[in-house]
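Visitor: fold the following for me, if possible:
(one chain, ligands or ions: 1)
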Amino acid sequence: MEVRCELLVYFEKKGYTVDMRNKCSEFLEDLSEKTIRRFPPLRYICSINVMELLEENPNLGTLLFAEPMEFINMADNILYACLRTYEQNPLLESVRDSQVKIILRLSSVPELFVPTNQHHYNGLVTFKGMLIDITKPVHYAFHTVWSCPEECEDSEVILHYLPECAPKCCVCKSVLFENSALRRCGEEVKAIFTVENDFLSKTLPITDDLILKLRLGNKYFLTGTVVKKKVYLFSVEELQTLAAPLTAPIPGGNK
Ligand SMILES: [Zn+2]
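Guide: I've put the predicted structure just below:
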């Protein structure tokens, strides 16, 4: 079976697709003729238990480890397909696939499978370290909308980041301008960790729901990926330091 079908079957089995359809239904209810041309984002948090996925479908587990961004692309397509099932809704016609985005969150990531601190690697990477400093939250753009000054038809572009240079119109090649009123932002902090077996500290961007997990002085196991030198984190798991077990005297050992 093709891997994207395997993902769909897995999502069906785990009830994600029902959940996605509900989310899409809410999204469509919130749409009106007025908002539709403003390209609101549809975001869905997809929480995957990695151990469970590996056990139930090693193929998908391997894909997640080797190419997490490809995994997200496939999940984006499934979310968009769920939205398309409401085809009787006339507002659907103007919704673009680029408005739809999965937020991947992972739990139970097995440490042993993942190479640590690797650059130039498309797969999942992990970091382990103690949180020693954290900056104040700042806004980051997760959804930006760009339009053509010549008002060419269907030339709007939706990006899930803020590009360094403005994109160009696919019709007339003019430089697009950003509709800054349509920009959607999240919160981001820079968290500084000491890394085990390393004298250097590591600064990582941590966003939205993951920020709440951070406490200074605690140790964390983080999983993410690096794309064009930017780190995207999918999980921030606190490492519990186990208390030393109470030792009982060895019977007969103290004579
Ligand atoms: Zn144009």
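Visitor: break the protein into its domains for me.
Guide: Domain assignment for the chain by automatic domain parsing gives 1-108, 110-142+181-240.
Visitor: distance between the helix or strand where residue 47 lies and the chain's centre?
Guide: Assigned by DSSP states H and E, residue 47 belongs to strand 42-49. Put simply, strand 42-49 sits 8 Å off its chain's centre (CA atoms, centre = their mean, to the nearest Å).
Visitor: can you name every helix or strand that whichever helix or strand comes after that strand contacts?
Guide: On the C-terminal side of strand 42-49, the closest following helix or strand by DSSP H and E is helix 50-56. In terms of contacts (3 or more CB pairs under 8 Å, 6 or more residues apart in numbering; DSSP states H and E), helix 50-56 is packed against helix 58-66. Using the backbone N, CA and C atoms, a C-beta is placed for each residue, glycine as well.
Visitor: flag every residue of the chain that's near the ion.
Guide: Neighbours of the ion within the chain, by CB under 5 Å from the ion: 148, 150, 152, 155, 169, 171, 172, 174.
Visitor: with neighbour count, pLDDT and secondary structure added, can I get those in CSV?
Guide: Compiled in CSV, the residues of the chain next to the ion are given as follows (neighbours: other CB atoms under 10 Å; pLDDT from 0 to 100; DSSP: H, G, I helix; E, B strand; the rest coil):
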residue, neighbour count, pLDDT, secondary structure
148, 22, 95, coil
150, 12, 95, coil
152, 16, 93, coil
155, 19, 88, coil
169, 19, 95, coil
171, 12, 93, coil
172, 12, 95, coil
174, 14, 96, coil
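Visitor: that's a helix at residue 70, yeah?
Guide: Yes: applying DSSP: H, G, I helix; E, B strand; the rest coil, one finds residue 70 inside a helix.
Visitor: and the residue nearest to it when sequence neighbours are not counted, what does it touch?
Guide: The shortest distance from residue 70 to any non-neighbouring residue, by CB to CB, 6 or more residues apart in numbering, is to residue 63 (6.7 Å). Residue 63 is in contact with 3, 70, 71, counting by CB atoms under 8 Å, 6 or more residues apart in numbering.
Visitor: measure residue 63 to residue 7 for me?
Guide: Using CB to CB, to the nearest Å, we find residue 63 at a distance of 8 Å from residue 7.
Visitor: could you report the pLDDT at the residue nearest to residue 70?
Guide: The confidence metric pLDDT takes the value 94 at residue 63.
Visitor: mind listing the strands for this structure?
Guide: 42-49, 100-107, 125-134, 138-147, 157-159, 177-178, 184-195, 201-207, 219-227, 230-239 (DSSP state E).
Visitor: how about the ones you listed in CSV, adding mean pLDDT and mean neighbour count?
Guide: Converted to CSV, those look like this (pLDDT from 0 to 100; neighbours: other CB atoms under 10 Å):
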stretch, mean pLDDT, mean neighbour count
strand 42-49, 96, 18
strand 100-107, 96, 19
strand 125-134, 92, 18
strand 138-147, 94, 18
strand 157-159, 94, 18
strand 177-178, 96, 14
strand 184-195, 94, 17
strand 201-207, 93, 17
strand 219-227, 92, 19
strand 230-239, 93, 17
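Visitor: before we move on, the earlier item: for the residues of the chain next to the ion, which one is nearest residue 202?
Guide: Distances from residue 202 to the residues of the chain next to the ion, taken as CB to CB, are shortest for residue 169 (39.9 Å).
Visitor: how about that closest one, nearest residue that isn't a chain neighbour?
Guide: residue 148 (4.1 Å).
Visitor: right, I'll call it a day here.
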